[in-house]
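**Q** here is a sequence with its predicted model. Questions after.
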Amino acid sequence: MNSEFIAVSASGLAWTITYVALVYRGLKDKSYGMPLIPLALNFAWEFVFSIIYPPLSDGISGTIVNGIWMTCDLGIIITYFLYSYPYFFRQYGISKKNWLICSALAFIIAFGIMLTGGPFFGQFKLYFNGDVYQGAIFIAYIQNLIISVCFILMIWERKTAEGQSLTIAIFKCLGTGLTVGIYYLFIVHQGKAMLMNIIVGATFMFDLVYIRLIYRQLLAEQKSPWKRF
């Protein structure tokens, strides 16, 4: 086994646990744990880069991991459409019709970004070697940063741990910064990709902030952070 296989497999396992926990927590709490924008981006990324532009350089392991994530995302999408409207109404006073329109537009735009973004970044041979999937990896790190920020905003907005858990926070952090993040920065690019250093570093920092926030929130609600999946 080479370092790439180990990093991709570890990341795949960590993110799969994160997704399963998001589905479980959403159904258990009658809530949703993944904000709309990162949810739309995640599902579009996993669909496009599993089926339309599969990861040829990662072999079958990358395709399997992306396919598992895409399947898990369907569960998260179900919790979003079952339980998210009351949050939108309470926060924005939006009608159910407009909520549905905004939700549909988010997914449509996300698919447009993924269908065009991979080929766009992949054309830069100096950095992405003309590989569409390498461009997709760059997009994935950007949307990971978006997820981290949105998780923090979500808990600040709700002021509860509904739909969230320490499991989600920890394994989200492990799935990026401490697995493929380290591999991508220090093995593939040997620390010379400064933009990626900033993106992955900021993501890791926000993940640590989120872990602390959800831990303190659960304690404030007199719930055990370690027993809540």
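**A** Sure, I can see it.
**Q** chain neighbours aside, what residue packs nearest to residue 168?
**A** Ranked by CB to CB, 6 or more residues apart in numbering and with sequence neighbours excluded, the top spatial neighbour of residue 168 is residue 21, at 4.8 Å. Yep, even glycine has a C-beta here, placed from its N, CA and C like the rest.
**Q** show me the shaky parts of this structure.
**A** Low-confidence segments of the chain (pLDDT under 70): 1, 56-62, 178-181, 183, 185-189, 191.
**Q** the residue nearest to residue 168 touches residue 167, doesn't it?
**A** Yes - between residue 21 and residue 167 a contact is recorded at 4.7 Å, counting by CB atoms under 8 Å.
**Q** which neighbours do these two have in common?
**A** By the contact definition CB atoms under 8 Å, 6 or more residues apart in numbering, residue 21 and residue 167 are jointly contacted by residue 229.
**Q** contacting residues for the residue nearest to residue 131 when sequence neighbours are not counted?
**A** The spatially closest residue to residue 131, leaving aside those adjacent along the chain, is residue 122, at 5.5 Å (CB to CB, 6+ apart). Contacts for residue 122 (CB under 8 Å, 6+ apart) come out as 128, 130-136.
**Q** again, only using 7 Å
**A** 128, 130-132, 134-135 (CB atoms under 7 Å, 6 or more residues apart in numbering).
**Q** can you map out the strands along the protein?
**A** Using DSSP state E, the chain contains no strands.
**Q** and the helices in the protein?
**A** Using DSSP state H, the helices of the chain run over 3-29, 36-47, 59-83, 85-92, 96-122, 125-128, 132-158, 166-176, 180-182, 194-220.
**Q** Throw those helices into JSON lines and include distance to residue 227, thanks.
**A** JSON lines is the format used below for the helices of the chain (distance: least, CB to CB, whole Å):
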{"stretch": "helix 3-29", "distance to residue 227": "13"}
{"stretch": "helix 36-47", "distance to residue 227": "26"}
{"stretch": "helix 59-83", "distance to residue 227": "21"}
{"stretch": "helix 85-92", "distance to residue 227": "25"}
{"stretch": "helix 96-122", "distance to residue 227": "33"}
{"stretch": "helix 125-128", "distance to residue 227": "44"}
{"stretch": "helix 132-158", "distance to residue 227": "19"}
{"stretch": "helix 166-176", "distance to residue 227": "9"}
{"stretch": "helix 180-182", "distance to residue 227": "28"}
{"stretch": "helix 194-220", "distance to residue 227": "10"}
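**Q** rewinding a little: quick check, nearest of the contacts of residue 122 to residue 96?
**A** For these, the closest approach to residue 96 (CB to CB) belongs to residue 135, at 37.1 Å.
**Q** thought that closest one was touching residue 121?
**A** Yes - between residue 135 and residue 121 there is a contact at 3.0 Å, judged by CB atoms under 7 Å.
**Q** and residue 75, how far is that from residue 26?
**A** 8 Å (CB to CB, to the nearest Å).
**Q** who has more neighbours, these two?
**A** Legend: neighbour count by other CB atoms under 10 Å for residue 75 and residue 26, higher for residue 26 (24 against 16).
**Q** mind checking how far the more buried one is from residue 165?
**A** 11 Å.
**Q** do the same with residue 111
**A** Counting by CB to CB, the gap from residue 111 to residue 165 is 29 Å.
**Q** so for those two, which sits in the more crowded spot?
**A** Taking neighbours as other CB under 10 Å, residue 111 and residue 165 compare with residue 165 leading, 25 against 18.
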